[in-house]
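[1] I would like the atomic coordinates for the input below:
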Amino acid sequence: MDATIEIQSRLHTLHFPGMRKCWQTLVETRQHETMPLIDALQLMLQAEEDHRRTSRQRRLIKEARFRYNATLAETQYDAARGFDRTKIMQLATGAYIDHGDAVIITGATGTGKSWLATALGFQACLDAKTVRYYNLNKLLEAIDDARVAKNLSRLLDRLGQVDLLIIDDFGVRPLVGQQLIDLMEIIDDRYGRKATIIASQLPVANWYDVLKQNTTVADAILDRLVHTATRFELKGDSLRKKH
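    Numbering: from 1, shown residues only. All right, here's what the predicted structure looks like:
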């Protein structure tokens, strides 16, 4: 077997797709005949690193289960609407995820809450962070299903370990009974360890009304979310109507 083909075959067998593709390019362009060995190795190793990073990012984005496609690069910054570039760029560094901080995004329907939450989550995936996106009602349904299937502890463990949890549509309806307890357990488990983004149509001042069936739980949830969170209050006409 030709040596160049054998090398390509062995790279495939050893699961080095980035290196294999780079080697193939070097052979096709005849650069492997003139390029110093150390330069070729560095080029191939860089290609493998790039391939693995890209593959991981794609996997993390898929596992996040975003409802929308949104990136910070596509975000239109407008301080008058609440899209403060400075604050968003600070969050883009990922420091809030490392510190386990909360982000609260409020505003009327269509002002861009889900877009901003998703764009921040997408950026986290690019930075190799694990992310999960949930509509609050879907999250509560998933918890109910896990309780029936007797694997609730496993689900709560996963929610507690994910680097960034995004909960959208908070406050669409009041939470009652076990729902309050479940939400408190999730928030409490993540407090100070893992980052959480909450998006809501309701102003923060009205959140207590959604949780007030159990005032003790309401106080605990709000205490862990509100006081130290980075907040965005989005304004303006519905972007959906404009589009």
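[2] name the helix or strand for Lys87, please.
    For Lys87, the element it lies in under DSSP states H and E is helix 85-92.
[3] tell me the helix or strand right after that helix.
    Helix 85-92 is succeeded, C-terminally, by helix 95-99 (DSSP H and E).
[4] other SSEs contacting that following helix?
    When contacts are defined as 3 or more C-beta pairs under 8 Å, 6 or more residues apart in numbering; DSSP states H and E, helix 95-99 packs onto strand 195-200. To be clear about C-beta, it is placed using only N, CA and C from the backbone, and glycine gets the same treatment.
[5] what's the angle between the strand it packs on and helix 85-92?
    Relative orientation of strand 195-200 and helix 85-92, computed by axes from the mean of the first three to the mean of the last three C-alpha atoms, to 10 degrees: 140 degrees.
[6] what residues of the longest helix that the chain contains count as buried?
    Across the chain, the longest stretch assigned as helix under DSSP state H is helix 37-64. Under the neighbour-count criterion of 16 or more other C-beta atoms under 10 Å, helix 37-64 has Ala40, Leu43, Met44, Ala47, Glu48, His51, Leu60, Ile61, Ala64 buried.
[7] give me the number of residues near the closest residue to Tyr77 other than its chain neighbours?
    In space, Tyr77 comes closest to Arg85 once its chain neighbours are excluded; the distance is 4.1 Å by C-beta to C-beta, 6 or more residues apart in numbering. Arg85: 13 surrounding residues under other C-beta atoms under 10 Å.
[8] one more: Lys150?
    Count around Lys150 with other C-beta under 10 Å applied: 8.
[9] secondary structure element holding the residue positioned nearest the centre of the chain?
    Most central in the chain under C-alpha atoms, centre = their mean is Gly121, positioned 2.9 Å from the mean C-alpha point. When elements are assigned from DSSP H and E, Gly121 belongs to helix 113-126.
[10] point out where the chain drops to low pLDDT.
    The model of the chain has pLDDT under 70 over residues 1, 237-243.
[11] so which residues of the chain form strands?
    In the chain, the segments counted as strands under DSSP state E are 102-107, 131-135, 164-170, 195-200, 230-234.
[12] and the first one with strand 164-170, angle?
    Right, strand 102-107. Calculated by the same axes, to 10 degrees, strand 102-107 forms an angle of 30 degrees with strand 164-170.
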